[in-house]
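**Q** Starting from these lines, generate the structure:
(one chain, ligands or ions: 1)
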Amino acid sequence: MTDANLMEKIVSLCKRRGFVYPGSEIYGGLAGIYDFGPRGFELLANLKKAWWDAVVYGRENWYPIDSGMFKNPRVWEASGHTTGFSDPLAECKKCNARIRVDKVLGAIGVTADEKMTEEEINALFDAHRAEIKCEKCSAHDFSRVRKFNLLVQSNLGDFTSEGNNPVYLPGEACQGIYLDYKNIVDSMQPKIPFGVAQIGKAFRNEISPRNFLFRCREFEQADTQLFIRPNENKEAYEALKEERMNWFISLGLNKENLRFKQHENLVFYAKDAWDIEYNYPWGFDELEGIHDRSDYDLTQHQKFSSVDLRYTDPETAEKYVPWILETSMGMGRLFLAVLADAYREDELGGEVRTYLALAPKVAPVKAMVSPLLKNKPELVAKAREVRALLRQVHPAIAWDDNGNIGKRYRRQDEIGTPFCITIDFDTIGHGDDAALTDTVTLRHRDSGAQERIAIASLPAYLAEKLR
Ligand code: ATP
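**A** Residues are numbered from 1 along each chain as shown. Here you go, the predicted structure:
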C-alpha cells in the first residue's frame, strides 16, 4: 500500500463508517471544513478525555477553562495577529494555484523567517524561482509574493451604527487563557507554578486547506499554558517535552512515528520552540507545538489593556509578570494520526479485511454484543442481558444482529471495536456441552482469535482492558 493510497483509504473509511464527513456536502462542500459523525464524535471525545485526564486531573495545580470565542478586537492587536499573522503566498500564473512560499522554500532547504517583510521575502523567492515548480501544473511562472492575513473576520451586533468594526474569530485558542489569567489568579488563588488548559476552536483563512483534517480552516486546539517564575523555564520545559511525548505513546501511537523537531527560527520573544511531529502518510509533520514564550503574552496584554497583570507572591509579596510554557495540539491532527497509526489490512479466513488497531480506551465502541440468530427470542433476550451488564462498565457497547456473524465482526473491525461477544445455543444451555452454559464467545479484533469466557467474568475483563 502506497502512502497516497493510505490517505485515500482513511478518508473513505471515515465517511463510510461515520467518522468524518465533508462539511455541507449536499451543497458541494466547503473547503477545509469537516464534520465529525457518530463514530468520530466518540473517538474525538475519548481523545479529549485522555488529554484532560493527563493535563489537568493527572497533575497538581492545573485549571480547566472554556472561554468565549469572540474577543474584544484589541486582543488580536495585542497578540500581533492583526498585523503579523500572515502566510506568504504566490500564485501560479498558468493554473492560478497558490503556494505557501515559506513551505516551498523550506522544502528546498531555504528558510523564510516569519519576521521578513514582503520585500525581503520577495527577494529570497526571486533568488530561488528557478528551483520551484507549481505542485499542480509544474510551471515555474509565479506572481510576486503577498503576505496574506489568516484571521477570519466577522461582525457582531448592529455594526452599521457601531462603526462597522470587525470582530475576529480566534486565530488561536490560547488567547482565552491569557485573558482569563487575572480572573483565575483572583478567584482561585493558585500558587506559581500553575497551569491552565483549554480545548477551543480556532479559525484560519488557510489558502490551500489540504491533507484532510491536517490543514483545515476551522479546527480545535488543545492548549496548556504553564505559568512559572521568570527564568525558571529550562528544567520545566524539558520535563514538559518529555511528558508530552510519553502521552502520545500512551495513546497507543507507534514510537517510531513520533519525533521532536526544534524550530530553527525563533520569534523574537521565544526562548525555545519544539514541535512533536507525527509520521503522516505524506511524511513527518507538526502535531503539537511546545513553546517557551517568556513573559511576552502577558506583557503585551498588560500594555494594551493597561491592567496590571503581575502576579504577587503570597509569601514574599514580590511582584512579577509570569513566564509561560505552552503546548498547543490540533485535535484533528491527533485524530488523523491515531487513525493512520491504527489502519491495518490483512487476510483473515481467506478474505482481505481492514481493521483499526485502536487502543481500547480510545476506540469509539468498546465491545459489540450479538445473538447468533436474531429470530431466536431466547438468544436475543440473553444477549440483551449481557449487553446491559457490560453497559454498566461503559456505555459504548454496540448491538448488531444483522447478517451473518462474520460480516458483523468485519463491520466492527473497521471501526476498531476491540471485542465482539456472541451469544449462542451453548450460552443458554441448549448446546451439546452443558459446561458451556452462561459462557460466551469472545472474539479479539487484531488476531481474530476466539475464546470461551464466563458471562460473570466479562465486566471485570472489559474494565481491565479499558484501564
Ligand atoms: P503549521 O506550521 O502547520 O501551519 P503552526 O505552527 O501555524 O502550524 P500553531 O500556530 O503553533 O501551528 O498551532 C498549534 C497547533 O494547532 C499545531 O501544532 C497544529 O496541531 C494545529 N493547527 C494549526 N493550524 C492548523 C490547521 N490549519 N488545521 C488543523 N490544525 C492546525
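
**Q** The spatially closest residue to residue 352 that is not a sequence neighbour sits in which helix or strand?
**A** The shortest distance from residue 352 to any non-neighbouring residue, by Cβ to Cβ, 6 or more residues apart in numbering, is to residue 345 (6.3 Å). Where C-beta positions appear, they are placed from N, C-alpha and C, glycine not excepted. Residue 345 is part of strand 343-348 when elements are defined by DSSP states H and E.

**Q** So in this protein, which helix runs the longest?
**A** Ranked by residue count and defined by DSSP state H, the top helix of the chain is helix 234-250.

**Q** Tell me which residues of that one come out buried.
**A** Buried residues in helix 234-250, counting neighbours by 16 or more other Cβ atoms under 10 Å, are found at 236-237, 240-241, 244-245, 247-248.

**Q** so which pair among those residues is furthest apart in space?
**A** Using Cβ to Cβ, the buried residues of helix 234-250 reach their maximum pairwise distance at 236 and 248, which is 19.2 Å.

**Q** Number of residues surrounding whatever residue of the stretch 301-450 of the chain ends up closest to the ligand?
**A** Going by Cβ to the nearest ligand atom, the ligand is nearest to residue 330 of the stretch 301-450 of the chain, at 2.7 Å. Using other Cβ atoms under 10 Å, residue 330 is surrounded by 22 other residues.

**Q** What residues of the strand holding residue 345 count as buried?
**A** residue 343.

**Q** for the protein, which spans come out with low pLDDT?
**A** Applying pLDDT under 70 to the chain picks out residues 1-2, 158-164.

**Q** Break it down into its structural domains.
**A** 3-79+155-338, 86-149, 365-466 (automatic domain parsing).

**Q** ok but residue 389 is inside a helix, no?
**A** Yes - Residue 389 sits within a helix when classified using DSSP: H, G, I helix; E, B strand; the rest coil.

**Q** Now the closest residue to it other than its chain neighbours, what are its backbone angles?
**A** If the residues on either side of it in the chain are set aside, residue 389 comes closest to residue 459, at 6.0 Å by Cβ to Cβ, 6+ apart. Reported as degrees, to the nearest 10, the phi and psi values for residue 459 are phi -60, psi -40.

**Q** Return the residues in contact with whichever residue of the stretch 101-250 of the chain sits closest to the ligand.
**A** Closest to the ligand within the stretch 101-250 of the chain is residue 219: 3.7 Å, counting by Cβ to the nearest ligand atom. Each residue near residue 219 by Cβ atoms under 8 Å, 6 or more residues apart in numbering is listed here: 201-202, 204, 213, 330-332.

**Q** Next, it: secondary structure please.
**A** Following three-state DSSP, the label given to residue 219 is strand.

**Q** burial count for residue 38?
**A** Residue 38 has 13 neighbouring residues, counting by other Cβ under 10 Å.

**Q** So it is in contact with residue 20, correct?
**A** No - with contact defined as Cβ atoms under 8 Å, residue 38 does not count as touching residue 20 (10.9 Å).

**Q** re the thing from before, who does the helix or strand just after the longest helix of the chain touch, helix- and strand-wise?
**A** With elements assigned by DSSP H and E, the helix or strand that comes after helix 234-250 is strand 258-262. For strand 258-262, the packing partners by 3 or more Cβ pairs under 8 Å, 6 or more residues apart in numbering; DSSP states H and E come out as helix 234-250, strand 272-280, strand 283-292.

**Q** neighbouring strands for the strand holding residue 345, and are they parallel or not?
**A** Strand pairing for strand 343-348, determined by DSSP bridges: strand 351-356 (antiparallel).

**Q** Now tell me what touches the helix or strand just after the partner strand from outside.
**A** Where DSSP H and E defines the elements, the next helix or strand beyond strand 351-356 is strand 367-371. Outside strand 367-371, the residues that touch it by Cβ under 8 Å, 6+ apart are 379-380, 382-383, 386-387, 390, 397-401, 405, 408, 412, 417-423, 462.

**Q** switch the cut-off to 6 Å
**A** With contacts defined as Cβ atoms under 6 Å, 6 or more residues apart in numbering, strand 367-371 is touched by 379-380, 383, 386-387, 390, 397-398, 400-401, 408, 412, 417, 419-423.

**Q** Measure how far it is from the centre of its chain, please.
**A** 30 Å (Cα atoms, centre = their mean, to the nearest Å).

**Q** Can I get that strand as CSV, trimmed to CA atoms?
**A** In CSV, the C-alpha atoms belonging to strand 367-371 read as follows (Å, rounded to 0.1, in the frame of the first residue of the first chain):
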residue,chain,number,x,y,z
ALA,A,367,-17.5,-4.1,22.5
MET,A,368,-20.2,-5.4,20.3
VAL,A,369,-22.8,-7.9,21.6
SER,A,370,-24.7,-10.1,19.3
PRO,A,371,-27.1,-13.1,19.4
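
**Q** State whether the residue nearest to residue 352 and residue 355 are indeed in contact, as I suppose.
**A** No - taking contacts as Cβ atoms under 6 Å, residue 345 lies outside contact range of residue 355: 8.0 Å.

**Q** Could you double-check that the residue nearest to residue 389 lies in contact with residue 394?
**A** No - using Cβ under 6 Å, residue 459 makes no contact with residue 394, being 9.7 Å away.

**Q** Alpha carbons of the strand holding residue 345, as CSV, please.
**A** Extracted C-alpha coordinates of strand 343-348, given in CSV (Å, rounded to 0.1, in the frame of the first residue of the first chain):
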residue,chain,number,x,y,z
TYR,A,343,-5.1,1.4,10.0
ARG,A,344,-4.4,-2.2,9.0
GLU,A,345,-5.1,-4.6,6.2
ASP,A,346,-4.6,-8.3,6.5
GLU,A,347,-6.1,-11.6,5.4
LEU,A,348,-8.4,-13.5,7.7
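
**Q** Alongside the ligand, which residues does this protein contribute?
**A** 172, 204, 206, 215-216, 219, 221, 286-289, 328-330, 332-333 (Cβ under 6 Å from any ligand atom).

**Q** of those residues, closest to residue 150?
**A** residue 204 (4.4 Å).

**Q** How about the closest one: what's its closest non-neighbour residue?
**A** Closest residue in space to residue 204, ignoring its immediate chain neighbours: residue 150 at 4.4 Å, by Cβ to Cβ, 6+ apart.

**Q** Contact partners for that neighbour?
**A** Going by Cβ under 6 Å, 6+ apart, the list of residues near residue 150 reads 85, 204-205.

**Q** Try it again at 8 Å.
**A** By Cβ under 8 Å, 6+ apart, the neighbours of residue 150 are 85-87, 171, 204-206.

**Q** now residue 11
**A** Neighbours of residue 11 in contact, by Cβ under 8 Å, 6+ apart: 20, 212.

**Q** How about the helix or strand hosting it, which residues are buried there?
**A** Assigned by DSSP H and E, residue 11 belongs to helix 3-16. Neighbour-count burial for helix 3-16 flags 6-7, 9-11, 13-14 (criterion: 16+ other Cβ under 10 Å).

**Q** quick one: which of those is nearest residue 141?
**A** For the buried residues of helix 3-16, the minimum distance to residue 141 (Cβ to Cβ) is 29.0 Å, reached by residue 7.

**Q** Please tell me I have it right and that closest one contacts residue 339.
**A** No - between residue 7 and residue 339 there is no contact under Cβ under 8 Å: 10.3 Å.

**Q** before we move on, the earlier item: quick one: which of the domains of the chain is nearest residue 351?
**A** domain 365-466 (8.2 Å).
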